[in-house]
Each structure stands twice: as C-alpha cells, then as structure tokens.
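> predicted model and sequence follow; I will ask about them next.
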Amino acid sequence: MNQQAITTLQNHERVRCEVWTRVMGYHRPVSSWNLGKQSEHQERQFFHPQDAAAGGC
C-alpha cells in the first residue's frame, strides 16, 4: 500500500487551486494580496517541529 496512484489530467480538466493562509488570526486567500506580499509568501520556508527538535531545518 506504499504506492501512490498517479492521475494525469488533460488541460481542460484542470482548475486553479486557491491557496489560503492565516494572518493575524484571519484566514485570507493569498490571491487577494498585493504582489509584494504574494512574493513574501512564496519565499517562506516551512519546517517540521520534529526536524527542528533534532537540530535540522
């Protein structure tokens, strides 16, 4: 059961995924931000707490 199913979609079947994030306690779509704030969002680095506790990032 470790295999993942791969699904190939045709271009006409695809839809844009709307990304939301939480800022100051409110959930907002990233698409409503100005270009500078969207650029900051793309540069964010994410980490897992388990990795940080082990000394890695």
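It's in.

> could you measure from the residue nearest to the spatial centre of the chain over to residue 12?
Per C-alpha atoms, centre = their mean, the C-alpha nearest to the average position across the chain is that of residue 19, at 6.6 Å. Distance, residue 19 to residue 12, by C-beta to C-beta, to the nearest Å: 22 Å. Heads up, the C-betas are built off the backbone N, CA and C, glycines and all.

> in the protein, which helix has the most residues?
When the chain is parsed with DSSP state H, its longest helix is helix 35-43.

> immediately after it, which helix or strand?
Taking DSSP states H and E as the definition, the helix or strand that follows helix 35-43 towards the C-terminus is helix 49-53.

> now that following helix: mean pLDDT?
This predicted structure assigns helix 49-53 an average pLDDT of 78.

> just the CA coordinates of it, formatted as CSV?
Only the C-alpha atoms of helix 49-53 are listed here, as CSV (Å, rounded to 0.1, in the frame of the first residue of the first chain):
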residue,chain,number,x,y,z
PRO,A,49,8.9,20.5,14.5
GLN,A,50,10.4,17.0,14.8
ASP,A,51,13.2,18.1,12.5
ALA,A,52,13.8,21.3,14.4
ALA,A,53,14.0,19.4,17.7
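
> about what we covered before: against which helices or strands is the longest helix of the chain packed?
Packing partners of helix 35-43 (3 or more C-beta pairs under 8 Å, 6 or more residues apart in numbering; DSSP states H and E): none among the helices and strands.

> ok, residues contacting that helix?
For helix 35-43, the external contacting residues (C-beta atoms under 8 Å, 6 or more residues apart in numbering) are 21, 30, 31, 33.
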